[in-house]
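J.: Curious how this folds, go ahead:
(chains A and B)
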Amino acid sequence: KNQVEQSPQSLIILEGKNCTLQCNYTVSPFSNLRWYKQDTGRGPVSLTIMTFSENTKSNGRYTATLDADTKQSSLHITASQLSDSASYICVVSADNAGNMLTFGGGTRLMVKP
Amino acid sequence: GAVVSQHPSRVICKSGTSVKIECRSLDFQATTMFWYRQFPKQSLMLMATSNEGSKATYEQGVEKDKFLINHASLTLSTLTVTSAHPEDSSFYICSAKVTGVAAFPYEQYFGPGTRLTVT
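T.: Below is the predicted model of the structure:
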């Protein structure tokens, strides 16, 4: 069964600090891995998409890494801001058509002043 | 670009009534749209995949007669919750997929969601 596990489930950090969120997956076959940010009461917004051949991708203060051998990914947030408070969802696609997505449970991040 | 809208953003209805939720891709054509349901503090759960001009494909455990999906155009898909009950109260999110060979790996753009409350 395809699964995506994220850790930690929740995290509280102080504004300005860095943090790293983890994602482990057992999805096969593997096409690509996505990180989304979901604000409370809103739909997810894409941060990064990485295919098999990519091992790092950045989007501003967000940097995602992918190790396809160990089936692990991380999302690093640099110099956190209050607006970073949200759920971060790791999603793995099993097909190149982008239809078969397996969602992780998300990490709820709270950034405090 | 790649904006997906949903309407309404919130709806409250009485038990037994039907509610229609619209999902529109505003600046691109989407042959495939997806409907998700999200309960509090849980991740998104795929309900169905909607292809323009054909019947939707429902995930196991989702009642197709209760959740009617219509994808009549390349920019609009609708989800109708029929005979709604309190347990149908949830956050419903649609997404639309950009298609075409150049669009790989086929990003899904999500709508802002619709909060349904059934009283």
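J.: and the closest residue to A:Ile12 other than its chain neighbours, what element?
T.: Among residues not flanking A:Ile12 along the chain, A:Met110 sits closest, at 4.7 Å (Cβ to Cβ, 6 or more residues apart in numbering or on different chains). No exception for glycine: its C-beta is placed from N, CA and C like everyone else's. According to DSSP states H and E, A:Met110 maps onto strand A:107-112.
J.: Does anything pack onto that strand? Which helices or strands?
T.: strand A:10-14, strand A:19-25, strand A:86-93 (3 or more Cβ pairs under 8 Å, 6 or more residues apart in numbering or on different chains; DSSP states H and E).
J.: Direction included, what does the first one pair against?
T.: Right, the one you point to is strand A:10-14. Looking at strand A:10-14 with DSSP bridges, its partner strands are strand A:107-112 (parallel).
J.: The partner strand - what's its average pLDDT?
T.: Strand A:107-112 shows a mean pLDDT of 98 in the predicted model.
J.: Which positions in it come out as buried?
T.: Buried positions in strand A:107-112, judged by neighbour count with 16 or more other Cβ atoms under 10 Å in any protein chain shown: A:Thr107, A:Arg108, A:Leu109, A:Val111.
J.: How far off centre is the strand holding A:Met110?
T.: Taking Cα atoms, centre = their mean, to the nearest Å, the mean C-alpha location of strand A:107-112 is offset from the chain mean by 13 Å.
J.: and residue 81, what is it in contact with?
T.: Using chain A. A:Gln81 is in contact with A:Glu15, A:Arg61, A:Val111, counting by Cβ atoms under 8 Å, 6 or more residues apart in numbering or on different chains.
J.: my bad, chain B
T.: Contacts of B:Val81 (Cβ under 8 Å, 6+ apart): B:Ser18, B:Val19, B:Lys20, B:Ile21, B:Lys66, B:Phe67, B:Asp88, B:Leu116.
J.: Having no further points to raise, I will conclude here.
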